[in-house]
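*Asks:* sharing a model prediction with you, sequence too.
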Amino acid sequence: MSLEHFIKDALSPWMYEQGPDNDIVMSSRIRLARNFATVTYPILAEHEKLDDIRSFFKKEYEHQTFQSYKDLEFVSIKDLTPVEKSVLVEKHLVSPHLVKRDEHAAVMISQNEQVSVMINEEDHIRIQLYFPGLQLKKALEEAFHFDDWIEEKVNYAYDETKGYLTSCPTNVGTGMRASVMMHLPALSMTKQINRMIPAISQLGLVVRGIYGEGSEALGNIFQISNQITLGKSEKDIVADLESVVNQLIDHERVARGFIMKRSGIELEDRIFRSYGVLQYSRIIESKEAAKCISDVRLGIDLGIIENTSGNILNELMVLTQPGFLQQYANRTLNASERDVLRASLIRERLKLEN
Amino acid sequence: MECQECHERPATLHVKQVINDQETKVSICETCAKKKGYITYPEEGYSLHDLLTGLFNFDNFNMTNMSENQLNQVKELQCSKCGMTFSKFKQVGKFGCAHCYESFASKLEPIFRRVHSGNTKHFGKIPKRAGSGLQLKKQLKNYREELQQLIETEAFEEAAKVRDKIRALEKGDKEPEAGDES
Ligand SMILES: [Zn+2]
Ligand SMILES: [Zn+2]
């Protein structure tokens, strides 16, 4: 199958590029929700209608190139194995909801994995664009161009006063969800983040962990996104989000400096212990792995650990997810088998660095 | 209020359940809600779901204050294009098609206001296709208002100029009808 490299590599090609504030902001994402004006939305549409939409995208866009988003790969979700589905979810190329919608769902992914277009998710069309580091404005600009390109062939559901008409009332208007993934270890260690989250929520933004359950954020990785899609332009939404992200970056930097100054040796000890666990453990649960990976990444950013690439956080977080481990093993694994393979993959990966 | 499941964390979700026609309310924390399967889409975030559930319950509460007649109207509100009823919409929190927005228009303003911090109007991107039409419509409206004013003040020469502008704009959209000399 031609989607092999989407499944095999933990890092997406675009992640190898450097972005602004890369040491704290892992990625910026813009997602646009769009629908056909005259077709019933996926939750109620007849099977034939949804199949028509899927066929339309396959016919019109498969292997097409738009600017630097080359050779769109068209993948029907029903053709994927359960493990392949989990891997695409773990790489954030599709939503968990899309793979549950099996029968008529599809995704188009550009070769650099920067663009993915989900078809027949909650909405007919969901366009996603990723950029490394903090590049929300750039991501928005590119998303608009891509959206215009799709619009050349699709008559979007749109209303003069309500904007883009989405299936969920929480998306109506711009249909846009802008988000950034941030690594905030110092704000987590000093517990400052707990006081910041409620304040950020007051600004119409949502903060949550990407990995882990409920409010805990495995690997100290947080996603911050806009909640409101009506009454504010995309540009203003992105500008507001970016200003909050910039403040978080400043606070994180100050907190890092503070910890280094106040308890440098304790921090160094913690980082090297975690490094040791990753280098030598034989069994490691995802929770412990995430904590250690976060520590090591912090060590790299602070210059405590040298000769190791900063991308290790992105890569190991994906590499150690259940779907990815099973893809690697080429069979289903129970939890304890996964813990053994996780430890072994992390050891191998770190050896490559030295 | 503490979570009814773990009795540890504060309850942030209030879920209504109907089992054997018996309605029960459960107040639990996010972690337990996820464990018990109340939350199904991890991607979208709980706060939105919570917000919607809360807002629809609010709406239900209002219904008890309505007369029987009003209540029937609410019940029968249905989208002519996709068949989605307003009560089903409240249950699933999703529209069935673009036309639902029109079909339920009379009920939607408070919902949008709750979800979008008081906002009910779109201020963002306009699709290219719809965009040129919208801009044209706006300009024509402005010219017609200007024309009306000029006629009222008997500035006929100016009015004629504006009328020509309107015609030129309309021509770009469609051919003028033959013999139209008014
Ligand atoms: Zn609980
Ligand atoms: Zn409808």
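*Replies:* Received, thanks. Residues are numbered from 1 along each chain as shown, chains lettered A, B, ... in the order given. Ligands and ions are numbered 1, 2, ... in the order given.
*Asks:* quick one, phi psi at the residue lying closest to A:Glu62 once chain neighbours are set aside?
*Replies:* When the adjacent residues along the chain are set aside, A:Glu62 lies closest to A:Phe74, with 4.1 Å between them (C-beta to C-beta, 6 or more residues apart in numbering or on different chains). Backbone N, C-alpha and C define where each C-beta goes, glycine included. The phi/psi pair for A:Phe74 (degrees, to the nearest 10) reads phi -100, psi 120.
*Asks:* kindly report the same for A:Val154.
*Replies:* For A:Val154, the backbone dihedrals (degrees, to the nearest 10) come out as phi -120, psi 130.
*Asks:* for chain A, what's the longest helix?
*Replies:* With DSSP state H setting the assignment, residue counts place helix A:234-280 as the longest helix in chain A.
*Asks:* what's the following helix or strand after that one?
*Replies:* Scanning forward in sequence from helix A:234-280, with DSSP states H and E defining helices and strands, the next element found is helix A:286-301.
*Asks:* secondary structure element holding B:Ile162?
*Replies:* Not Ile; residue B:162 is Val. B:Val162 belongs to helix B:156-173 when assigned by DSSP H and E.
*Asks:* ok, B:His14 next?
*Replies:* B:His14 belongs to strand B:13-19, assigned by DSSP H and E.
*Asks:* for chain B, name the helix or strand with the lowest mean pLDDT.
*Replies:* Across the helices and strands of chain B, the lowest-confidence element by mean pLDDT, DSSP states H and E is helix B:46-63, at a mean of 47.
*Asks:* could you export the helix holding B:Val162 as CSV, CA atoms only?
*Replies:* As requested, the backbone C-alpha atoms of helix B:156-173 are provided in CSV (Å, rounded to 0.1, in the frame of the first residue of the first chain):
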residue,chain,number,x,y,z
PHE,B,156,-32.7,64.5,-10.7
GLU,B,157,-29.4,64.9,-12.6
GLU,B,158,-27.4,63.3,-9.9
ALA,B,159,-30.1,60.6,-9.5
ALA,B,160,-29.8,59.7,-13.2
LYS,B,161,-26.1,59.1,-12.7
VAL,B,162,-26.6,56.8,-9.8
ARG,B,163,-29.4,55.0,-11.7
ASP,B,164,-26.8,54.4,-14.5
LYS,B,165,-24.4,53.0,-12.0
ILE,B,166,-27.0,50.6,-10.7
ARG,B,167,-27.8,49.5,-14.2
ALA,B,168,-24.2,48.9,-15.0
LEU,B,169,-23.8,46.8,-11.9
GLU,B,170,-26.9,44.8,-12.6
LYS,B,171,-25.7,44.3,-16.2
GLY,B,172,-22.6,42.6,-14.9
ASP,B,173,-24.9,40.1,-13.2
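*Asks:* for that helix, packing partners?
*Replies:* Contact here means 3 or more C-beta pairs under 8 Å, 6 or more residues apart in numbering or on different chains; DSSP states H and E; on that basis helix B:156-173 packs against helix B:128-152.
*Asks:* residue ranges with poor pLDDT in chain B?
*Replies:* Residues of chain B meeting the criterion pLDDT under 70: B:15-23, B:36-76, B:130-135, B:138, B:172-182.
*Asks:* swap the cut-off to 90 and go again
*Replies:* Within chain B, the stretches with pLDDT under 90 are B:1-77, B:87, B:90-91, B:128-182.
*Asks:* what does it have sitting close to ligand 1?
*Replies:* Neighbours of ligand 1 within chain B, by C-beta under 5 Å from the ion: B:3, B:5-6, B:9, B:29, B:32.
*Asks:* can you rerun that using 8 Å?
*Replies:* By C-beta under 8 Å from the ion, the part of chain B that sits against ligand 1 consists of B:3-9, B:11, B:28-33.
*Asks:* which of those fall within strands?
*Replies:* Members of the residues of chain B next to ligand 1 lying in strands (criterion: DSSP state E): B:Ile28.
*Asks:* ok, and which of the residues of chain B next to ligand 1 reach chain A?
*Replies:* With C-beta under 8 Å from any C-beta of the partner chain as the criterion, the members of the residues of chain B next to ligand 1 in contact with chain A are B:29-31.
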